Structures are given as C-alpha cells and as structure tokens.
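A.B. asks: sharing a model that was predicted from the sequence below.
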Amino acid sequence: MTVLVYAEHNNHQLKAETHKLVNAATKMGDAIHVLVAGSNCADVATEASQIEGVTQVLVADNAVYEHQLAENIAELVYSMAGDYSHVVAAATTTGKNFMPRVAALLDVVQLSDVIAVESADTFVRPIYAGNAIATVQSSDEVKVITVRASAFDAAATGNNAPLSAVDSVFANNLSEFVSEEVTKSDRPELTAANIIISGGRGMQDGEHFAMLEAIADKLGAAVGASRAAVDAGFVPNDMQVGQTGKIVAPQLYIAVGISGAIQHLAGMKDSKVIVAINKDPEAPIFQVADYGLVADLFEALPELEAGL
Amino acid sequence: MKILVPVKRVIDYNVKVRVKSDQSDVDLTNAKMSMNPFCEIAVEEAVRLKEKGVATEIVAVTVGPKACQEQLRNAMALGVDRGIHVECDAFPESLQVAKLLAKLVEQEQPGLVIIGKQAIDTDNNQTGQMLAALAGMPQGTFASEVVVEGDHVLVTREVDGGLQTLKLTLPAVVSTDLRLNEPRYAKLPDIMKAKRKPLDVKTAEELGVALTPRVTTLKVTPPPTREAGIKVDSVQELLTKLRDEAKVI
C-alpha cells in the first residue's frame, strides 16, 4: 500500500508539518510518495526527498500551481489518487481547502483532523471541539485524510529519495489569486514553535502584546492569542489559538490573561508544559496548567522578561 | 441573484458535551439545539447582500430530521425568503449532504452559495468544498470579506499566514469564518412572519441520492483529562521550576 502525502510549503521552504505527515503516513502504508505542487519549488522537492521514510518525491512544478488554489490542485491530486491507498494532507488552511474537493471527486468521505492512526482503515479524530474523541473506520477504497500535524512527531531527515516530475497541467479558469497580506514576523510560526506565549482579554489592548513579544524574543517563542483577544480587536485572527483558530502542541505554552474557555483549551491542551498567569485564582485555565501563577500580568511580565 | 444558504442544526454552542457511558456517541438527550454558529454568519452575510440590493432571493436548506425545521424558521426570521428541508432520519455524512446540495443547486441555480466553514458537532470542515467540486464551482473558503462585483466575487480568506484575496467566477461557493460579520438577533414580529414563509419538504430519494454511510464510528470517548499542576508564588519560583523541573527553557 502506497500513501500519497501532499507537501505543505510556500514554494521556497518545506513546512515542518510535512515531516509530521510522513511519520503519520508510515502508520498507514509501506511506501510513501510526497507530492510537491507549486511553482519554482525545486528546493522544496529536495528538502522533501531528505525525509526518512519517503520512497519517491513527485514534483508538479508549474506556474498554474503557484498559489496552490483548490480548484486545480484538487484536479491534480485526483488524477493521481487512483494509484494510492491513502491521500494525506495537513489540516492547515491549504489542506482543509482542497482535500474535500479531492474526496468529492473520488466519491469518498474525508476523515478530517486525524490525531492517531490505529490501522490502515481506522483513525482517531476529535469531534465537538475536542470534547469527545471518535475512533472511526472507513470502508472507502482510497482514504482521504487531513492530519493534525501537531499530534505526530516529525520524521527524521537524512534520506535521499528519488525525484520525478509530474507533467500533468490542470489550468484553473474558475478562480484567480488577487493578493495576500502575509503577517511578517521573525518569530517562529505558531504551529511550528517549541514555545508559545499567548495573551487573552486580560492584556487589555493590542499595544500590551509588546510585553509578550519581548519575552517571546528572549525564548525564541511564537506569540498567540485567545479568541477573546482577537474578537476584542487586540490582534489579528491568524494569531488565534483555539477550536476555531490554530491547534498547537508546543513544549511550553504560556497563557497570560487567558481565562481558559473550552474553545481556547481545545487549541492548546496537548502542550507538554502549560503555564498560566492570571489574577483570577478561579480561572479555568489553572485546571489544566502545570504551573499556575496568580498575579497581575502587568507586574509579572516585566519580572519574567528580566529573569530570562 | 439568488443565494442558497445551507444551515445545520447542532448542539448549542454553550452546552457542555458529554459522552454516553456505552461509548457509542455523545449524549444529546434534552440538550439545547441551535443553528450552527458558522451557519448564522452565512445567513447574516446573505441577508446583508440582499439589503445591499446584490441578492434578490435567499433560500435556506437544511438536511436532517423533522426538528431541523426549527432552524429553517429561525433563518427565515433573520431574512431568508424560503426554506427547503431535505428530511431524513439522521444526519447524513458530509459527502451525502454535499450531493443533496449539488442536486438542489442544479434545481435552484443560485448565483452564490454561502455556507458555514464547519459544523461544531462533527468539526469536519468539508461540505462546502465538496459541494463546490460536485457542482464544478470555484470556492472561497474561510471568508472574512465577500464583495460581489458583476459576474465575479472577491473573497478575502483567513489563511495560516494572514489573509488571501481570490477572484471567483460566479456561481461560486463561499464558506464563512468567524470574522465575516456579527449575526443579528431575530425580532419578534419577524419570528411571527417567518411562520408563514414557504417551506418545501423533500427526500433524499426524490433527489436521487443514496444515504449509505461509508464511515463506521467504533467508539466515542471523553478526551484524556489533564491534571491541574501546582501554583507557584512568584515569577522567580516559576522560572526555577521551568528551568530545573520541567527543563523547557
């Protein structure tokens, strides 16, 4: 059984999710092909070939795939899917976007956000915002799966899998890329960071997030936020950790001024170590925190920064 | 332009979900049910487009047991013109819902389908994309802004790195993210008026869609619980613990 893994990348760099997908894929089949679809993405293909467990890298390098739009990426993956037992992508905004189209074209269901692989046809996934965990078995011939990358360890590198070009070109006459606003930051991405420091409504306004950024810079951490902080307009939505934002599982998660609503916990409770700083001793965040500090964050944060 | 808005009846956002002791499913007995929050945002966006004169008619669709008509009436109270209920005993899988919706798209010929990005029960995030593929339409998922201009729609999407804007040829499918709008509440006179708006009931059989499930749920369990740790008294103690005990900094 061969698994097709869709590489997560931005045409220049392979994203850390891909290594985790490959690890998840080793539990599904015995051979793993990685598809790199993009434009001028040769470097990404080379990086993908170095992941242990990969048996073949397929490179669809064409201007029509530059922005990895759902309409033609789905056509491309669908055209290849017949040769595979499983088609796997990360449950990122890229994977979530095109994979259901692949499933529909194949006339199969999609298993979304898989967090564990029990066997080649049985998978574990959270439902109801992680308040229940379902074990499901699919009877479809090709299993189309999005994987929550943070639930898997990364596969090692050091491999040198062969590369081959995919020549099929599927034009996209339905949708067109207009523009993008990419949040510029020297800090790691939330989903790839080993340490995350997040702020909630207790931060009071967007400017106070500078206090978190200063600490993040000392720790090499990413900065996140609760939905309350996003809804209050303190910070942009792409910083949101939670059921409706990003699901993260870093080594250390520091929640500052976050009460710990279920919707936030759903996004971070699998972190290895959780620290909560909140002035309300009754805040639910303390029920999941390994280390809780009941304190005014405006006093604790400067002290924390100075102590690092 | 006609807008089609699929809506789903789900457990209310504020209800704490419990797993049945036999691990067969979650327990929804007597639980408060509501319209899925992302569907409310979809209804609101359609109503705003009608208020702006972009849309002429809004049709809401729901798939599921008879009780789902409550959510259709709710959508009508918010400004939807008529409803279609595809009645079936249980809630079908996303693929089947997408197939039912594709048949309705064929019949109704909407210019735009606005759908919630995910239902908060199954958390699948796939029906809209599946519908788009089956109907051969482009898609703008996780939308935070929707602007209809002539024969196309500009959709700004919430993507991992920030925001992305796409231009889609109409007809198209748009799936809603949280920041697209803030849904209004229904007013009492509108709730009364909604009771008289037309509501068609159809079956999957009439639409020619088989509802055989492809996925078997083997068990549903509560998530592993995380034990509360300790309280520290000072930032210094916290730093010491993180360095020496947890060894994470």
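C.D. replies: Sure thing, it's come through. Just so you know, these numbers come straight off a predicted model, no measurement behind them.
A.B. asks: for stretch A:230-242, how far is the first residue from the last?
C.D. replies: In stretch A:230-242, first residue to last residue: 11 Å (Cα to Cα, to the nearest Å).
A.B. asks: chain center to it, what's the gap?
C.D. replies: 17 Å (Cα atoms, centre = their mean, to the nearest Å).
A.B. asks: does the residue nearest the centre of chain B have beta-bridge partners, and which?
C.D. replies: Centroid-nearest residue in chain B, with Cα atoms, centre = their mean: B:Gly116, separated by 3.1 Å. Per DSSP bridges, the residues bridged to B:Gly116 are B:Thr176.
A.B. asks: quick one, phi/psi of A:Ala225?
C.D. replies: phi -150, psi 160 (degrees, to the nearest 10).
A.B. asks: wait, doesn't it sit right on A:Asp238?
C.D. replies: No - using Cβ atoms under 8 Å, A:Ala225 is not in contact with A:Asp238, being 9.6 Å away. For the C-beta atoms, the positions are set from N, CA and C on the backbone; glycine is no exception.
A.B. asks: so who does A:Ala7 touch?
C.D. replies: Counting by Cβ atoms under 8 Å, 6 or more residues apart in numbering or on different chains, A:Ala7 makes contact with A:Leu14, A:Thr18, A:Val34, A:Leu35, A:Val36, A:Ala37, A:Val44, A:Ala48.
A.B. asks: go with 10 Å
C.D. replies: A:14-15, A:17-18, A:21-22, A:34-38, A:41, A:44-45, A:47-48, A:51, A:54, A:57-59, A:89-90, A:94 (Cβ atoms under 10 Å, 6 or more residues apart in numbering or on different chains).
A.B. asks: same question, A:Gln240
C.D. replies: Per Cβ under 10 Å, 6+ apart, neighbours of A:Gln240: A:190, A:198, A:224-231, A:246, A:263-264, A:267, B:158, B:178-179.
A.B. asks: in helices only, show me these.
C.D. replies: Those of these mapping onto helices are A:Arg227, A:Ala228, A:Ala229, A:Val230, A:Asp231, A:Gln263, A:His264, A:Gly267, per DSSP state H.
A.B. asks: tell me, what's the model's pLDDT at the third one?
C.D. replies: To tie it back to what came earlier, the one meant is A:Ala229. Per-residue confidence (pLDDT) for A:Ala229: 96.
A.B. asks: what separates it from chain B, distance-wise?
C.D. replies: 13 Å (Cβ to the nearest Cβ, to the nearest Å).
A.B. asks: next: the second one.
C.D. replies: In this structure, A:Ala228 lies at 12 Å from chain B, with Cβ to the nearest Cβ as the measure.
A.B. asks: thought that residue was touching A:Gly245?
C.D. replies: No - in this structure, A:Ala228 is not within contact of A:Gly245 by Cβ atoms under 10 Å, at 11.5 Å.
A.B. asks: what is in contact with those two at once?
C.D. replies: A:Gln263, A:His264.
A.B. asks: which one of these two has more residues nearby?
C.D. replies: Between A:Ala228 and A:Gly245, counted using other Cβ atoms under 10 Å in any protein chain shown, A:Gly245 has the larger neighbour count: 24 against 21.
A.B. asks: how near is the more buried one to chain B?
C.D. replies: From A:Gly245 to chain B the distance is 9 Å (Cβ to the nearest Cβ).
A.B. asks: how about that residue: what's its closest non-neighbour residue?
C.D. replies: Once flanking residues are discounted, A:Gly245 sits nearest to A:Gly267: 5.9 Å by Cβ to Cβ, 6 or more residues apart in numbering or on different chains.
A.B. asks: just the pLDDT for the one you found.
C.D. replies: 92.
A.B. asks: how close does it sit to chain B?
C.D. replies: 12 Å.
A.B. asks: ok, now which ones touch that residue?
C.D. replies: Per Cβ under 10 Å, 6+ apart, neighbours of A:Gly267: A:129-130, A:150, A:190, A:198, A:224, A:226-227, A:240-249, A:253.
A.B. asks: break chain A down into its domains, please.
C.D. replies: A:2-165, A:195-307 (automatic domain parsing).
A.B. asks: quick revisit: now the buried members of the ones in helices among the contacts of A:Gln240.
C.D. replies: A:Arg227, A:Ala228, A:Ala229, A:Val230, A:Gln263, A:His264, A:Gly267 (16 or more other Cβ atoms under 10 Å in any protein chain shown).
A.B. asks: show me the helices in chain B, by range?
C.D. replies: Counting by DSSP H, the helices of chain B are B:37-51, B:69-77, B:94-108, B:127-135, B:188-194, B:204-207, B:235-240.
A.B. asks: most packed of those helices?
C.D. replies: helix B:127-135 (a mean of 28; mean count of other Cβ atoms under 10 Å in any protein chain shown).
A.B. asks: hey, what's the angle from it to helix B:37-51? Just curious.
C.D. replies: 60 degrees (axes from the mean of the first three to the mean of the last three Cα atoms, to 10 degrees).
A.B. asks: now do helix B:127-135: which elements does it pack against?
C.D. replies: Judged by 3 or more Cβ pairs under 10 Å, 6 or more residues apart in numbering or on different chains; DSSP states H and E, helix B:127-135 is in contact with helix A:70-81, helix A:95-106, strand B:2-6, helix B:94-108, strand B:112-116, strand B:139-149, strand B:172-176.
A.B. asks: need the helices of chain B in a markdown table with mean pLDDT, can you?
C.D. replies: Converted to a markdown table, the helices of chain B look like this (pLDDT from 0 to 100):
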| stretch | mean pLDDT |
| --- | --- |
| helix B:37-51 | 98 |
| helix B:69-77 | 98 |
| helix B:94-108 | 98 |
| helix B:127-135 | 98 |
| helix B:188-194 | 96 |
| helix B:204-207 | 97 |
| helix B:235-240 | 96 |
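A.B. asks: you'd agree the residue nearest to the centre of chain B is up against B:Thr176?
C.D. replies: Yes - with contact defined as Cβ under 10 Å, B:Gly116 reaches B:Thr176; the gap is 5.5 Å.
A.B. asks: overlap of the contact sets of the two?
C.D. replies: B:Val5, B:Pro37, B:Phe38, B:Cys39, B:Glu40, B:Ile41, B:Ala42, B:Val43, B:Gly128.
A.B. asks: now for B:Lys20, how many residues are close by?
C.D. replies: When neighbours are defined as other Cβ under 10 Å, B:Lys20 has 13 of them.
A.B. asks: what ranges does chain A have for its helices?
C.D. replies: Using DSSP H, helices in chain A cover A:17-26, A:42-49, A:70-81, A:95-106, A:209-219, A:227-231, A:262-268, A:297-307.
A.B. asks: measure the nearest residue to A:Leu219 once chain neighbours are set aside to A:Lys20 for me?
C.D. replies: Residue nearest to A:Leu219 in three dimensions, not counting chain neighbours: A:Ile195, with 5.0 Å by Cβ to Cβ, 6+ apart. To A:Lys20, A:Ile195 is 18 Å away according to Cβ to Cβ, to the nearest Å.
A.B. asks: likewise B:Val201?
C.D. replies: Relative to A:Lys20, and taking Cβ to Cβ, B:Val201 is found at 46 Å.
A.B. asks: neighbour-wise, which of the two wins?
C.D. replies: Taking other Cβ under 10 Å, B:Val201 and A:Lys20 do not tie; A:Lys20 has more neighbours (23 against 12).
A.B. asks: who's in contact with B:Pro222?
C.D. replies: With Cβ under 10 Å, 6+ apart, B:Pro222 has these contacts: A:Asn131, A:Ala132, A:Ile133, B:Val17, B:Arg18, B:Val19, B:Gln23, B:Val26.
A.B. asks: now the strands for the stretch 151-300 of chain A?
C.D. replies: A:163-165, A:175-182, A:195-199, A:222-225, A:252-256, A:273-278, A:291-294 (DSSP state E, counting those that start in this stretch).
A.B. asks: name the residues of stretch B:77-96 that come out as buried.
C.D. replies: Neighbour-count burial for stretch B:77-96 [16+ other Cβ under 10 Å]: B:77-81, B:83-86, B:88, B:91-96.
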